[in-house]
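Asks: Build me a model:
(one chain, ligands or ions: 1)
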Amino acid sequence: MTNSSVVTVTHEGDIAWVEIDNPPVNATSTAVRAGLTAAAQQVQGARVAILTCAGRTFVAGGDISEFDRAPEEPHLPDVVQMIEDSETPFVAAMHGNVLGGGFEIAMGCAWRIAAPGTKFGLPEVNVGLIPGAGGTQRAPRLIGMQAAIDMACSGKILPAETLLDLGGVDQIAQGDLKDAARTFAQNLPNRPVKVRDRVVAALPLDEYAATETALKKRAKGQQSPILNLEALQWAALPFEQGQPVERALHLKLRHSVESRALRYAFFAERAVSKPKLIDGIEPRPLNQIAIVGGGLMGAGIAMACLSGCLSVTLIERDNAAANAARTRVDGLIEGGVKRGKFTVDQQADMLAHLTTTDSYADAADADLAIEAVFEDLDVKRDVFRQLAAVIGPDAILATNTSYLDPTLIFDGMPNLSRCLGLHFFSPAHVMKLLEIVKTPNTTPEVIATGFALGKRLRKVSVLSGICDGFIGNRMLAAFRREAEYLLADGALPHQVDSAMREAGLPMGPFELQDLTGLQIAWANRKRQAATRDPNERYERIADTLCEMDRLGQRSGKGWYRYKDASRAPIRDEDVEELIVAYSKDNGLPRQNFTPNDIADRLLEVLAREGQQIVDEGIADRAEDVDVVKLFGYGFPRWRGGPMFLAKAKRGKAA
Ligand code: NAI
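Replies: So this is what the prediction gives:
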């Protein structure tokens, strides 16, 4: 018997098979919930119903795009309860991912069997929510409070094998899942007590407090992990009391700025990887990558390419530098093995695909060459001249420059349509962001190939036009400038840093400058001096520190001082006096700023600069700017990004 287009019921003897088929991930859309409601009626009379999913996974979550609308009937909690109360008991036969609403449905079934390696999770916390269909109420009853905390508060994914140990699944299916489900159904054990009727104790108060403290520390301002913990405690109440409170909080949270920000980030991340410019354009295949310069960035890029199963030829200035580059890449791979990221076999395979050399001729077969030499226009131009002499006329040429204008770097190259910027972030094998910089000559096919490379290296790629610092470093420069204005206007470095940490950033602007060093930004400011708008406000505090050789942690002092190896920033009276004297000398009255004043001013400036970047056509949309901040600069995902945040503050966020 066939019914709804997404849920089908077929009878086989006394077994009713219920199949959800809602590609790509069988999300619990309105149609699926309606289909399951009908199916729960249609299975009546059968001895047992087996719930399965078509395609590559069981139900892997809710339909996030529905969360902006008013909830539509039938509601998932009612569907789960209908399955749980069905006269004909349900067996969930699961494969792939059993996430969110999928796990909630499975917990309503009388039994659960899973293919080996099936993954279970309650990832609602990742979109600022708590489960809304009994997830926090049934999970502690089914698998115990601790495992439920791991899943709901941290979004931890547990394999079926762990669930079996915890009593969350009854069997790991050997061989074909449907055959195993059929065999299970033919030998049904006694129907167990419904999960919602089981009893679980609340966490004792001291354990609750310790868990909450640990979660708060990790969440850095995000609320949903703590709200999930609170909801799990309600599982100690009778289900009829706990479940409605869970549902009410879930529905309320759908409108929270945090949840909207996280949902926005989810869609933004996907949207930026498909810019209009490359719509329908086939990327070129890539196998052989040449990298020139095996320093900090070049070695990281080589490592990223090798772990993306590409062959790498790393070119250095001379033999000794080539050997040093190999040692650097070796070290990175070895580190990956130690952390369990690669096996020893994978290590050997990666090393077999790495050539280090001082000869450009070895790059002759490369499909793509990435330059990562010193940040010096003449050095870079010379590298590309040498590359162009040996490499194929169509092979793609990319620069990893941070600030230089790629059109100047490539000027005079044969076939400019193959040239682009591929701006990795440090450490290049770790950081997720890749800025793909188009020049006026780059063809969509070459840009599409850049995006394909990004995907292969598991990066989040964002298209950028050309401006000083591209999207990310230009935003950073504006942020630092404003932070320095704040110092001149009355704040001190530690006040700015702690305000920004409170706002969710991993570090404040001054401690971060001390960590990475003040000299690169100083060199940039000197380079820009000749073309700087004379009417632009310019404060010289950072320049003065650099002139005093206070270049950050590596020189032992910067905005702060540092004692021995502990690297903890210590407030430095000399710097604070210098700042106060600077304000006085320049006739700037020193004001008192609250942490909120500081955060508002700095976040606003990021949003303003971001808008400017979009208006100039450097970035396609606000999403591109936000994704750059999220993946390149540790901007808290639960705040969406500076552009989202500014819009939300004005009450206009989606
Ligand atoms: P680095 O100084 O660590 O490495 C540069 C390497 O290039 C050195 O190993 C040097 O021997 C080699 N080199 C210099 N001239 C060469 C030539 N003619 N032929 C072959 N090799 C040559 O510098 P780093 O930090 O790796 O930066 C490289 C590039 O990446 C620069 O353009 C920089 O602006 C950019 N970048 C740096 C980031 C960072 O955080 N360090 C982040 C993103 C981009």
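Asks: can you list the residues of the stretch 401-550 of the chain near the ligand?
Replies: When proximity is defined by C-beta under 6 Å from any ligand atom, the stretch 401-550 of the chain lies next to the ligand at 401-402, 424-426. All C-beta spots, glycine's among them, are computed from the backbone N, C-alpha and C.
Asks: let's go with 8 Å and repeat that
Replies: Within the stretch 401-550 of the chain, the positions near the ligand by C-beta under 8 Å from any ligand atom are 401-404, 423-426, 428, 516, 520.
Asks: any idea which of the residues you listed is closest to I172?
Replies: Nearest to I172 out of these is A428 (C-beta to C-beta; 39.8 Å).
Asks: so the closest residue to the closest one other than its chain neighbours, which of the three states?
Replies: Spatially, and ignoring its direct neighbours in sequence, A428 is nearest to G300 (3.0 Å; C-beta to C-beta, 6 or more residues apart in numbering). Taking DSSP: H, G, I helix; E, B strand; the rest coil as the rule, one finds G300 in the helix state.
Asks: right, and the pair among the residues of the stretch 401-550 of the chain next to the ligand with maximum separation?
Replies: Top of the distance list for those (C-beta to C-beta): L404 and T516, 18.7 Å.
Asks: More neighbours: these two, which one.
Replies: Ranked by neighbour count (other C-beta atoms under 10 Å), L404 and T516 place L404 first, with 18 against 15.
Asks: element containing that one, please.
Replies: Using DSSP states H and E, L404 sits within no helix or strand.
Asks: Could you do L51 as well?
Replies: Going by DSSP H and E, L51 is part of strand 48-53.
Asks: Okay, now the unreliable bits of the stretch 451-600 of the chain?
Replies: 565 (pLDDT under 70).
Asks: Stretch 282-301 and the ligand, are they touching?
Replies: Yes. Applying C-beta under 8 Å from any ligand atom, one finds stretch 282-301 in contact with the ligand at 292-300.
Asks: Highest neighbour count among those?
Replies: Compared across the residues of stretch 282-301 next to the ligand, G294 has the highest neighbour count, 29 neighbours, by other C-beta under 10 Å.
Asks: so what's it closest to, chain neighbours aside?
Replies: In this structure, G294 finds its nearest non-sequential neighbour in A325, 2.5 Å apart by C-beta to C-beta, 6+ apart.
Asks: before we move on, what SS does that neighbour have?
Replies: A325 ends up helix, using three-state DSSP.
Asks: Quick check, it in contact with I301.
Replies: No. Using C-beta atoms under 8 Å, A325 is not in contact with I301; the gap is 11.2 Å.
Asks: any idea which helix or strand of the protein has the worst average confidence?
Replies: The least trusted helix or strand in the chain, going by mean pLDDT, DSSP states H and E, turns out to be helix 519-528, with a mean of 89.
Asks: Other residues contacting whichever helix or strand comes after it?
Replies: For helix 519-528, the following helix or strand on the C-terminal side (DSSP H and E) is helix 541-547. Applying C-beta atoms under 8 Å, 6 or more residues apart in numbering, the contact partners of helix 541-547 are 480, 484, 487-488, 513, 518-519, 521-522, 525, 551, 558-559, 575, 578-579, 582.
Asks: is it fair to say G280 lies in a strand?
Replies: No. Assigned with three-state DSSP, G280 falls outside any strand and is coil.
Asks: Which neighbouring elements make contact with the least confident helix or strand of the chain?
Replies: For helix 519-528, the elements it packs on are helix 470-489, helix 541-547, judged by 3 or more C-beta pairs under 8 Å, 6 or more residues apart in numbering; DSSP states H and E.
Asks: Contact distance from the ligand - what residues of this protein qualify?
Replies: 292-300, 315-317, 321, 324-325, 358, 371-375, 379-380, 382-383, 386, 399-404, 423-426, 428, 516, 520.
Asks: quick one: which of the residues you listed sit in strands?
Replies: 292, 315, 371, 399, 423-424 (DSSP state E).
Asks: Contacts only, for the residue of the chain found nearest the ligand.
Replies: For the chain, the residue closest to the ligand is G295, as judged by C-beta to the nearest ligand atom, at 1.8 Å. When contacts are counted by C-beta under 8 Å, 6+ apart, G295 touches 325, 328, 372-373.
Asks: What pairs with the strand holding L51, parallel or antiparallel?
Replies: In the sheet, strand 48-53 lines up against strand 15-20 (parallel), strand 90-94 (parallel) (DSSP bridges).
Asks: mean confidence for stretch 347-356?
Replies: Averaging pLDDT along stretch 347-356 yields 97.
Asks: Now do the buried residues in that stretch.
Replies: 347, 350, 353-356 (16 or more other C-beta atoms under 10 Å).
Asks: so which of those would you say is closest to E282?
Replies: Of all those, E282 sits closest to H353, with 24.9 Å by C-beta to C-beta.
Asks: quick one, phi/psi of that closest one?
Replies: For H353, the backbone dihedrals are phi -100, psi 10 (criterion: degrees, to the nearest 10).
Asks: Let me see the contact set for it.
Replies: With C-beta under 8 Å, 6+ apart, H353 has these contacts: 306, 309-312.
Asks: low-scoring pLDDT stretches of this protein, where are they?
Replies: 1-4, 565, 652-654.
Asks: domains for it, by residue range?
Replies: The record's domain split for the chain, according to automatic domain parsing, is 2-255, 279-464, 476-617.
Asks: And these: which comes nearest D626?
Replies: domain 476-617 (7.6 Å).
Asks: Count the residues that sit near E573.
Replies: Neighbours around E573, by other C-beta under 10 Å: 8.
Asks: let me redo that: L129
Replies: Neighbour tally, L129, other C-beta under 10 Å: 29.
Asks: Could you do the one 10 residues further on as well?
Replies: Summarising burial for A139: neighbours were counted as other C-beta under 10 Å, giving 28.
Asks: returning to what we had before: buried subset of the contacts of H353?
Replies: Buried among the contacts of H353 by 16+ other C-beta under 10 Å: 306, 310-312.
Asks: Would you map the helices across the stretch 251-400 of the chain?
Replies: In the stretch 251-400 of the chain, the helices defined using DSSP state H, counting those that start in this stretch lie at 257-272, 296-307, 319-338, 344-352, 377-390.
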